[in-house]
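Undergrad: Output the structure for:
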Amino acid sequence: MSKMIITVGRQYGSGGRYVARLLAEKLNIPFYDKELLTEVSKDSGICRELLEQNDEKNTRSFLFSMMSGTAPLGDSGAMYMDMPMNHRIFLAQFDTIRRIASQGPCVIVGRCADYVLRDQENVLNVFIKADKDERIRRMVEYYGVDPLKAEEQLKKADKQRASYYNYYATGVWGDVNNYDLCVDTGALGISGAVELIADCAELMEKKADQKEPEAW
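TA: Numbers count the residues shown, from 1 in each chain. Below is the predicted model of the structure:
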């Protein structure tokens, strides 16, 4: 895999992050989920703890707005000083995602990466889903969620991700029109999803390498 950037959106409980990590291992390319926050902090000077607290959250509360101008910023973060904190964080992530993508193939989870890289070549945008019962089963079995609270937590997490994406991106979270490939881990399993995405990435890379036939 010499060119392809793979972005992965995911429903909560679908196993999307696990699929993305295994995919990066299979293709032997860098993986960015929480790892992205470290890179953003280095690039922008915004402290990692603040990035973690507001990761993929469209936080527009009064208290959050009052924090504008109080975040620990280095010299490289000076460009973000005159805007609300939520916008600073998004733009800092935007710049870092673009930088990472310019350096070579990788897998990036969430954070509107498909939108950020919308004008880039060699990008495969994937969305991972599963039906509600399968997601709840995974939450209980692998995340240790109380079965009585699982459905409520699922709805809350999906709503949070949708709110974040819909606010910053020019599209609707989970809309098939935003993605090149939608994968159901309930139907395919984790390993099946990894194989399918890897095959799709290979096909797209081969297609990109083919020269257009000369016009008659």
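Undergrad: So K57 belongs to a helix, correct?
TA: No. K57 sits outside any helix when classified using DSSP: H, G, I helix; E, B strand; the rest coil, being coil.
Undergrad: Quick one: residues contacting it.
TA: If you count contacts by C-beta atoms under 8 Å, 6 or more residues apart in numbering, K57 has them with 160, 164. Yep, even glycine has a C-beta here, placed from its N, CA and C like the rest.
Undergrad: Can you report phi and psi for it?
TA: With angles defined as degrees, to the nearest 10, K57 sits at phi -120, psi 130.
Undergrad: Can you check the pLDDT for it?
TA: The predicted local distance difference test score for K57 is 80.
Undergrad: Next: A208.
TA: According to the model's per-residue confidence, A208 sits at a pLDDT of 80.
Undergrad: and it, which of the three is it?
TA: Under three-state DSSP, A208 falls in the helix class.
Undergrad: what's the answer for L124, then?
TA: Reduced to three states with three-state DSSP, the structure at L124 is strand.
Undergrad: May I have the residues that are in contact with the nearest residue to it once chain neighbours are set aside?
TA: Using C-beta to C-beta, 6 or more residues apart in numbering and skipping residues adjacent in sequence, the residue nearest L124 is I6, 4.8 Å away. Contacts for I6 were tallied using C-beta under 8 Å, 6+ apart; they are 20, 23, 105-108, 123-124, 126, 197, 201.
Undergrad: go again using 7 Å as the cut-off
TA: For I6, the contacting residues are 23, 107, 124, 126, 197, 201, taking C-beta atoms under 7 Å, 6 or more residues apart in numbering as the criterion.
Undergrad: And the most centrally placed residue in the chain, its phi and psi?
TA: The residue at the geometric middle of the chain, judged as the C-alpha nearest the mean C-alpha position with C-alpha atoms, centre = their mean, is G110 (1.3 Å). With angles defined as degrees, to the nearest 10, G110 shows backbone torsions of phi 60, psi -150.
Undergrad: residues in contact with the closest residue in space to Q11 that isn't next to it in sequence?
TA: By the measure of C-beta to C-beta, 6+ apart, the closest residue to Q11 outside its immediate chain neighbours is K129, 5.0 Å from it. If you count contacts by C-beta under 7 Å, 6+ apart, K129 has them with 11, 14, 182, 184.
Undergrad: what does the model give the third one for pLDDT?
TA: Same thing as C182. pLDDT, C182: 97.
Undergrad: Check the second one too.
TA: The pLDDT attached to S14 in the predicted structure is 97.
Undergrad: Where does pLDDT dip in this protein?
TA: Applying pLDDT under 70 to the chain picks out residues 1-2, 59-82, 211-216.
Undergrad: just the strands in this protein please.
TA: Shown for the chain, the strands assigned by DSSP state E span residues 5-10, 31-32, 106-109, 123-129, 181-184.
Undergrad: winner for burial among those strands?
TA: Taking mean count of other C-beta atoms under 10 Å as the contact definition, the stretch among these with the greatest mean neighbour count is strand 5-10, which reaches a mean of 27.
Undergrad: gap between it and the chain center?
TA: 6 Å (C-alpha atoms, centre = their mean, to the nearest Å).
Undergrad: relative to strand 123-129, how tilted is it?
TA: Here the directions of strand 5-10 and strand 123-129 differ by 20 degrees (axes from the mean of the first three to the mean of the last three C-alpha atoms, to 10 degrees).
Undergrad: Starting from strand 5-10, tell me which strands it pairs with and how they run.
TA: Sheet neighbours of strand 5-10, with direction, are listed as strand 106-109 (parallel), strand 123-129 (parallel) (DSSP bridges).
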